[in-house]
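Q: Coordinates for the following, if possible.
(chains A and B)
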Amino acid sequence: MHDDLGKSEAALVAARRENLAALRSRSGDPFAQTRYPVDTHTHELLAEYEILAPEEKAESKRWHLAGRLMSKRKMGKTIFADLHDRTGKMQLYVRKDEIGEDRFADFNDMDRGDIVGVHGFVFRSKLGELTLHVLDFVVLGKALAPLPDKWHGLQDVEKRYRQRYVDLIVNDDVRDTMILRSRIISGMRRFIDAQGFYEVETPTLLHVAGGAAARPFLTHVNALDEQLQLRIATELNLKRLIVGGMERVYEIGRIFRNEGIDTTHNPEFTMLELYCAYWDVHDMLAFNEALMEHLALEIAGGSTDLTVGDRTISFARPFARIGYLDGIAQYSDGKYTRQRLLDPDGAAAILRELGLPDSPTHGHALDKIFEHVLEPHLIQPTFVMDYPVLISPLAKKKNGDPELVDRYELFANCMELSNAFTELNDPDDQRARFEAQIAERAKGDAEIPEPDWDFVHALEYGMPPTAGIGIGIDRLVMLLTNQSSIRDVLLFPLQRSHG
RNA sequence: GCGCCUUUAGCUCAGUCGGUAGAGCAGCGGACUUUUAAUCCGUUGGUCCCGGGUUCAAGUCCCGGAGGGCGCACCA
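A: Purely as a prediction, here's the structure:
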């Protein structure tokens, strides 16, 4: 990035270097500064002095504020400027007759983007804006690269993702969304921790990536000279911990799936998985419902209604419930019956009626039918209950209805938000399910993982009845922050290595 | 993988029928002691994404390629 500047950009950088040299010769090196005694932030100051009347001064109290200089308006022997910090922005005011010729020149030699610490008092300007009257300042870092347009910011989507640091500097809403993401995750942790769960970390590098259907990334460990896979779920290891007696565990961690990249998929994404011994799927549903309402209340500031696109989605409990098979039947006017859906030929026929391509497996066909028939109707938060066992290889069968499992998925805005079930703890049944998967994999479904036989062995030591849940954090954040692309809730979405 | 759109100054964007590159902001110089997209005067700045082709002449038309966005397909 240092040798290939265009002439025009090089000239802008050169001008900034001249200003840096002038600062160095007059007042010392900005890059030699190591700290600044910041004692407030812009947002706090604006709140504290809200009552000031126009042109009123609060001279007795002096403050130290630091941040990035984002605009400068010189008016002869005074300068107005805007300082941004992580809480917002505040106007600065400097007078030549107060700080002297050299320091005024220093202030004037600062460029848009420079980092500065300012000391002074608050007043309200003639036109009504709360402003820090600067009595002293220290340049704490020089920006050599020119910033994007002060009014339009950085619009180029590619540059915004590749140079997120610039995007964050000039586009306030990006920072706001990322802060919201942070708050959603910490709010989630607090809610979960309050119920006695242990947060754990399980390996990312695995010999066999299991617990979901997805193609894994491959890597290699030199010390062992072995090929390893990056995890596609945390499920199997977390259940090993339940076997081990930890009873309540969760992990918020990065998952890797070597598949498509689009507005709802990034190759690495963040998932919460949580397991609770002695709960069943109904306990988990209640927990899930309470968690979602809690997060919505925190984000929407006391309301359970969220605006998503041009819709309002209400997270007030209780959420709607619908059966997986019942729902498909209902939204097909009774045409797609349980009997047809649970029969491989019947499901294949429905696929053709819908004009969809053939699926390699029965389970795949069911997913496609669900996606086309039921999912488009799931706008308000809805628990879809009682999934067929053939698409749920790790869930416990329903007592009295062995074709179904005790499982639900929560949908909102036609998007899956969570997936939960009563965990299968019968090792013989689990072994049989894995063996059935080997057959499906042989039919050409490359996303079905190799069985993790040690997991079956773990179950042989005895696992208490347990409920588990997985929540895709990125998609949840998309919903809660009203973003339509996953890239806009990721600080550094994956881009091709060219730019 | 397929389709549509897009790429012009540091940034945001114009660029007509093919006639030889424009604006605003930023920068630089100047005026200005309560401005706020400050204002006013002057001014620098271009690999028109890359490579071919057609043409007297290509930012513009044609072909190929690259990056990016969106949609479809794929993706529990």
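
Q: can you tell me the residue of the stretch 251-400 of chain A closest to RNA strand B?
A: In the stretch 251-400 of chain A, no residue comes nearer to RNA strand B than residue A:260, which is 3.2 Å away by CB to the nearest atom of the strand. In this view, the C-beta of every residue, glycine as well, is placed from N, C-alpha and C.

Q: can you give me the strands in the stretch 1-150 of chain A?
A: Taking DSSP state E, counting those that start in this stretch to define them, one finds strands in the stretch 1-150 of chain A at A:57-75, A:78-85, A:88-95, A:115-124, A:130-141.

Q: what about the fourth one and RNA strand B, any contact?
A: Yes: applying CB under 7 Å from any atom of the strand, one finds strand A:115-124 touching RNA strand B at residue A:123.

Q: what would the strands of the stretch 1-150 of chain A look like in TSV with mean neighbour count and mean pLDDT?
A: TSV is the format used below for the strands of the stretch 1-150 of chain A (neighbours: other CB atoms under 10 Å; pLDDT from 0 to 100):
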stretch	mean neighbour count	mean pLDDT
strand A:57-75	16	96
strand A:78-85	19	97
strand A:88-95	19	97
strand A:115-124	20	98
strand A:130-141	20	97
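
Q: residues in contact with the residue lying farthest from the centre of chain A?
A: In chain A, residue A:97 marks the outermost C-alpha relative to the chain mean, sitting 49.6 Å out by CA atoms, centre = their mean. Contacts were defined as CB atoms under 8 Å, 6 or more residues apart in numbering; by that measure residue A:97 touches residue A:77.

Q: and the gap between it and residue A:401?
A: Separation of residue A:97 from residue A:401 (CB to CB, to the nearest Å): 86 Å.

Q: Name the nearest residue to residue A:313, ignoring sequence neighbours.
A: Among residues not flanking residue A:313 along the chain, residue A:306 sits closest, at 5.1 Å (CB to CB, 6 or more residues apart in numbering).

Q: Please report how far that neighbour lies from residue A:70.
A: 31 Å.

Q: Likewise for residue A:332?
A: Computed with CB to CB, the distance linking residue A:332 and residue A:70 is 56 Å.

Q: Same check on residue A:23?
A: The span separating residue A:23 from residue A:70 equals 18 Å under the rule CB to CB.

Q: what residue ranges in chain A score low on pLDDT?
A: Applying pLDDT under 70 to chain A picks out residues A:1-4, A:498-499.

Q: Would you mind giving the domain segments of it?
A: What the record gives for chain A is the domain set A:9-147, A:170-331+A:374-488, from automatic domain parsing.

Q: Which one of those domains lies nearest to residue A:363?
A: Among those, the nearest to residue A:363 by CB to CB is domain A:170-331+A:374-488 (4.3 Å).

Q: In which helix or strand does the residue minimising distance to the centre of chain A reside?
A: The geometric centre of chain A, computed from its C-alpha atoms, lies nearest to residue A:474 (CA atoms, centre = their mean), at 3.9 Å. Secondary structure assignment for residue A:474, by DSSP states H and E: helix A:473-481.

Q: And for residue A:180?
A: Counting by DSSP H and E, the element that carries residue A:180 is helix A:172-193.

Q: quick one: that helix to helix A:473-481, angle?
A: For the pair helix A:172-193 and helix A:473-481, the angle between their directions (axes from the mean of the first three to the mean of the last three CA atoms, to 10 degrees) equals 120 degrees.

Q: Contacts for the helix or strand that comes right after helix A:172-193 next, please.
A: Scanning the chain past helix A:172-193 towards its C-terminal end, the next helix or strand to appear is strand A:198-199 (assignment: DSSP H and E). Contacts to strand A:198-199, defined as CB under 8 Å, 6+ apart, come from residues A:189, A:192-193, A:246, A:248-252.

Q: at 6 Å instead, please
A: For strand A:198-199, the external contacting residues (CB atoms under 6 Å, 6 or more residues apart in numbering) are A:246, A:249-250.

Q: of the residues you listed, buried ones?
A: With neighbours counted by 16 or more other CB atoms under 10 Å, these contain buried members at A:249-250.

Q: Which of the contacts of strand A:198-199 sits closest to RNA strand B?
A: Of all the contacts of strand A:198-199, the one with the least separation from RNA strand B (CB to the nearest atom of the strand) is residue A:250, at 18.3 Å.

Q: That closest one against residue A:197, yeah?
A: Yes: using CB atoms under 6 Å, residue A:250 and residue A:197 qualify as a contacting pair, with a distance of 5.1 Å.

Q: What residues of stretch A:103-110 count as buried?
A: Residues A:103-104, A:106-107, A:109-110 are the ones in stretch A:103-110 that count as buried (16+ other CB under 10 Å).

Q: one step back: got the CA coordinates for the helix holding residue A:474 in CSV?
A: Below are the C-alpha coordinates for helix A:473-481, written out as CSV (Å, rounded to 0.1, in the frame of the first residue of the first chain):
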residue,chain,number,x,y,z
ILE,A,473,-25.5,-15.6,16.4
ASP,A,474,-24.9,-13.7,13.1
ARG,A,475,-28.4,-14.2,11.8
LEU,A,476,-29.8,-13.3,15.2
VAL,A,477,-27.8,-10.1,15.1
MET,A,478,-29.0,-9.5,11.6
LEU,A,479,-32.6,-9.7,12.8
LEU,A,480,-32.1,-7.6,15.9
THR,A,481,-30.1,-4.9,14.1
